[in-house]
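**Student:** Only the shape, not the letters, is given here:
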């Protein structure tokens, strides 16, 4: 991959796309593979972020903790009849530190229940720091528009 | 068009975009033009695909059969007060055979009724084989997340 | 920025992305900055556009009028508890006059109320004329699928 702006833009979009397809296919065990070894992942609400409150709905630091999270989900949800579909758009890429870009993207996640009922499960933006050498997430903050949360979030967003 | 990865990625996204705009504009007669002469098109449910069941909600092989399908739709639906809006994202492109790429993309289709009621009509993923010389679909499998179907699907997805 | 098709495509998508993020972040005062000095902006319904009716739900010509519009919105809506999220896809770019491209893109705007209720607020397509030198909108026509309108449109689309 080149390091010119066009190659970087498409590489970041490619990372977003692979992430979305892995989750939508229910391959939760692949999820930690999108992160660097010590990456931080958290889900927060837009309201708390704007108020500067350091509250996270979910927090994981490092791939080991992410793997644990997935294992718990697998144990808790023996049956997973619902499906999810990620839509990601408006991907902005900006240079940050050496070897790192910052990316912001809009997302919505659709949930499809087994009876066919379809709803917007979550919406918001990803605010990412991406290590460009390996094209992996060094940090992903998922900032959700709604402050109402399914306390048993079935999948990572 | 070049055959480097960046040109290919953008050419596939361009094909997706033209397809979406043609359908959303109600230009159903243009729909077969996005396919090669003997292309296969089918709509399936994610559930059946995962179980390996060869059941399709809709199946067409070759442009002639696609044109027939559109003619039937036109005769059956003299009034078409509803509108549709395709959103497509997370387009992955991978080399397949010579002159062919495989592409997977997420989609949702919004339906807007004449009274303004707006709903998510369908969601899922396109799994395509694309002939890169002509940039036409050689095969499109539309895998829908929901197993509940409007038996009178008003438009191709 | 180069003027080859790939650079142009990505530059237009970048403009769309920055526009979406500015609005979704509630930075309404930045909205006029996406337009050329004498740009035209209007919101119309697909139904009226197809009938050739020159009715607009909203019309603004020139940045001064856009700034006025934002000021009125700010005065009218002291409290803005709802949030918006733009999803934009299927961006087509075609050459128009010298230094100008025409772009069509699909959009949906999600509205998230303070109690968490999430709905599709608007859907449709952007039909734009973009001055490529400055990468600014010379004209944006927002063609909405629904003819039912919130008369107090809280934000520009």
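**Tutor:** All right, it came through fine. Predicted model only: the values in this text are computed from it and were never measured.
**Student:** When you work out contacts or count neighbours from here on, use the C-alpha atoms and nothing else.
**Tutor:** Will do.
**Student:** Run through the residues of chain A sitting next to chain B.
**Tutor:** For chain A, the contact set with chain B under Cα under 8 Å from any Cα of the partner chain comprises A:7, A:10, A:13-14, A:16-18, A:20-21, A:83, A:85-89, A:112-119.
**Student:** In helices, which of those residues fall?
**Tutor:** Here DSSP state H is the test, and these give A:7, A:10, A:13-14, A:16-18, A:20-21 as lying in helices.
**Student:** Going through the residues you listed, which ones are buried?
**Tutor:** Buried subset of those (neighbour count, 16 or more other Cα atoms under 10 Å in any protein chain shown): A:10, A:13-14, A:16-18, A:20-21.
**Student:** For whatever residue of chain A ends up closest to chain C, the count of nearby residues, please.
**Tutor:** Per Cα to the nearest Cα, residue A:90 is where chain A lies closest to chain C, at 4.1 Å. Residue A:90 is flanked by 24 other residues according to other Cα atoms under 10 Å in any protein chain shown.
**Student:** show me the contacts for it.
**Tutor:** The contact partners of residue A:90, by Cα atoms under 8 Å, 6 or more residues apart in numbering or on different chains, come to A:104-106, C:13-14, C:16-18, C:20-21, C:87-88.
**Student:** JSON lines for these, including distance to residue A:132 and pLDDT?
**Tutor:** JSON lines is the format used below for those (distance: Cα to Cα, whole Å; pLDDT from 0 to 100):
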{"residue": "A:104", "distance to residue A:132": "15", "pLDDT": "98"}
{"residue": "A:105", "distance to residue A:132": "17", "pLDDT": "98"}
{"residue": "A:106", "distance to residue A:132": "20", "pLDDT": "98"}
{"residue": "C:13", "distance to residue A:132": "21", "pLDDT": "98"}
{"residue": "C:14", "distance to residue A:132": "19", "pLDDT": "98"}
{"residue": "C:16", "distance to residue A:132": "24", "pLDDT": "98"}
{"residue": "C:17", "distance to residue A:132": "21", "pLDDT": "98"}
{"residue": "C:18", "distance to residue A:132": "22", "pLDDT": "98"}
{"residue": "C:20", "distance to residue A:132": "25", "pLDDT": "98"}
{"residue": "C:21", "distance to residue A:132": "23", "pLDDT": "98"}
{"residue": "C:87", "distance to residue A:132": "25", "pLDDT": "98"}
{"residue": "C:88", "distance to residue A:132": "25", "pLDDT": "98"}
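**Student:** in chain A, which spans are strands?
**Tutor:** Assigned by DSSP state E, chain A shows strands spanning A:35-45, A:58-61, A:83-95, A:100-112, A:118-131, A:136-144.
**Student:** Next, the angle strand A:83-95 makes with the longest one.
**Tutor:** Computed by axes from the mean of the first three to the mean of the last three Cα atoms, to 10 degrees, the angle separating strand A:118-131 from strand A:83-95 equals 30 degrees.
**Student:** orientation of strand A:118-131 relative to strand A:100-112 in degrees?
**Tutor:** Strand A:118-131 and strand A:100-112 are oriented at 160 degrees to each other (the same axes, to 10 degrees).
**Student:** looking just at contacts, which helices and strands does strand A:118-131 meet?
**Tutor:** strand A:100-112, strand A:136-144 (3 or more Cα pairs under 8 Å, 6 or more residues apart in numbering or on different chains; DSSP states H and E).
**Student:** Mind giving me the packing neighbours of the shortest one?
**Tutor:** Read that as strand A:136-144. Applying 3+ Cα pairs under 8 Å, 6+ apart, we find strand A:136-144 packed against strand A:35-45, helix A:46-50, strand A:118-131.
**Student:** For chain B, give me its nearest residue in chain A.
**Tutor:** Closest point on chain A to chain B, by Cα to the nearest Cα, is residue A:17, at 4.1 Å.
**Student:** per-residue pLDDT, the closest residue to that residue other than its chain neighbours?
**Tutor:** Spatially, and ignoring its direct neighbours in sequence, residue A:17 is nearest to residue B:90 (4.1 Å; Cα to Cα, 6 or more residues apart in numbering or on different chains). For residue B:90, the pLDDT comes out at 98.
**Student:** what sits against the residue lying farthest from the centre of chain A?
**Tutor:** Relative to the mean C-alpha coordinate of chain A, counting by Cα atoms, centre = their mean, the farthest residue is residue A:115 (26.4 Å). For residue A:115, the contacting residues are B:146-148, by Cα under 8 Å, 6+ apart.
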